[in-house]
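[1] Build me a model:
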Amino acid sequence: QIGGGISSKNCQEWLNKGASKIIVTSAVFNSDGEFLWDELNTLFDKCGGRGKLVLDLSCKKHNGEWVVCMNKWTKLTNLKLSLELFQKLAAYCDEFLIHAADVEGLCKGIEYDLVKELGQWVQLLQSDVKIVYAGGAKSIEDLETVKKLSNGRVDLTFGSSLDIFGGSLVKFDDCIKWNNEQ
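    Model prediction:
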């Protein structure tokens, strides 16, 4: 999978180079943070359907709601995470990537409430869509925590805490072992 700067103008190039999926965020918003349904439709068509498309709906907590952000998480958009939003967007992708931007890279703990809500929403979707959570993970135990909070419906990705990315809190080999035991 590849993300960062992906748009309808270059998505096919990355798929042709061997990317299994493309991850898009800011490309589906205009500069004012309004969602661009036409751009999503174009991406969907150019990718050959939902199986090659991951939507990054990374968010920040704002006025009690999870609001999708863009431009390296610096700008809030007009989208708020909800069951209705996931129902609409699940027709266009088979995976969502959700960074909890407020805790991303800090290695100080995950956003428990967000993981729990994501688990509830994905259960109600009646879709094969996958949700991957990122942000704040600091120990191998976070894998089990996310599994419990989401009833096994949300996956966790490690970043800054992982040894292969320069972190010292989580060992890649321990992640492999945990996954193999599931």
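[2] Show me what whichever helix or strand residue 113 is part of is in contact with.
    Using DSSP states H and E, the element containing residue 113 is helix 112-124. Contacts with helix 112-124, where a contact means Cβ atoms under 8 Å, 6 or more residues apart in numbering, come from 59, 61, 66, 81-83, 86, 98, 100, 129, 131, 133, 145-146, 149-151, 153-154. C-beta: built from backbone N, CA, C; applies to glycine.
[3] Which of those fall within helices?
    Among the contacts of helix 112-124, the members found in helices (DSSP state H) are 83, 86, 145-146, 149.
[4] Let me have these in TSV, adding pLDDT as columns.
    Below are the ones in helices among the contacts of helix 112-124 laid out as TSV (pLDDT from 0 to 100):
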residue	pLDDT
83	97
86	97
145	98
146	98
149	98
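[5] Who wins on neighbours among the residues you listed?
    Most neighbours among these, by other Cβ atoms under 10 Å: residue 146, with 24 neighbours.
[6] Contact partners for it?
    110, 115, 133, 154-156.
[7] One more pass at 10 Å, please.
    110, 112, 115-116, 118-119, 132-133, 137, 152-157 (Cβ atoms under 10 Å, 6 or more residues apart in numbering).
[8] Repeat that for residue 101.
    By Cβ under 10 Å, 6+ apart, the contact set of residue 101 is 58-61, 66-69, 72-74, 76, 111, 134-135.
[9] how about a cut-off of 6 Å?
    Each residue near residue 101 by Cβ atoms under 6 Å, 6 or more residues apart in numbering is listed here: 58, 60, 69, 73.
[10] So which of those residues is the closest to residue 175?
    Lowest distance from residue 175 to those (Cβ to Cβ) belongs to residue 58, with 21.3 Å.
[11] That closest one and residue 99 touch, don't they?
    Yes. Under the criterion of Cβ atoms under 6 Å, residue 58 makes contact with residue 99 at 3.6 Å.
[12] Comparing these two, which residue is more hemmed in?
    Remark: of residue 58 and residue 99, residue 99 carries more neighbours, 25 against 20, as counted by other Cβ under 10 Å.
[13] my guess is the more buried one meets residue 133, correct?
    No. Under the criterion of Cβ under 6 Å, residue 99 is not in contact with residue 133, lying 8.0 Å apart.
[14] Pull the number of nearby residues for residue 4.
    By other Cβ under 10 Å, 11 other residues sit near residue 4.
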